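Colleague: from the sequence below, what's the structure:
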Amino acid sequence: QLVESGGGSVQYGGSLRVSCAASGGIFSRYAMGWFRQAPGKEREFVATINWNGGKTFYADSVKGRFTISRDNAKNMVYLQMYSLKPEDTAVYYCAASLYVDYLRDSANYDFWGQGTQVTVSS
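Modeller: I've put the predicted structure just below:
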């Protein structure tokens, strides 16, 4: 089970950290990803991190502004977001995958959270 938290409303240029708590499995076996979906748009890849945190990968739209991290001792994954823009407004989802590659593809994720809303005002 994955449960996101930490969403909210911020102004343009602000920062926010969303978190995802995992339970019910061996967390460290899974690569973790963050996706987002804005109203009227398809779900899109944001960032991914491998099982031990040694590899991360970001969508071009968030590279340099967002940081994904994980704490396997706490079964947590985080997405720290800086320099937020109105176009970052979306529901943010965390997801878990047993894949080691092709992690930009949402079809390769086995478990999903319910999402947390992030709203950035201009």
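Colleague: just checking, residue 62 touches residue 48?
Modeller: No - using C-beta atoms under 8 Å, residue 62 makes no contact with residue 48, being 11.6 Å away. C-beta here means a position set from N, CA and C on the backbone, and glycine is covered the same way.
Colleague: give the residues shared as contacts by these two.
Modeller: Taking C-beta atoms under 8 Å, 6 or more residues apart in numbering as the contact rule, residue 62 and residue 48 touch no residue in common.
Colleague: give me the average confidence score over the helix or strand harbouring residue 10.
Modeller: Taking DSSP states H and E as the criterion, residue 10 maps to strand 8-11. For strand 8-11, the mean pLDDT works out to 97.
Colleague: quick one: list the elements packing against it.
Modeller: Packing contacts for strand 8-11, counted by 3 or more C-beta pairs under 8 Å, 6 or more residues apart in numbering; DSSP states H and E, involve strand 116-121.
Colleague: much appreciated, bye for now.
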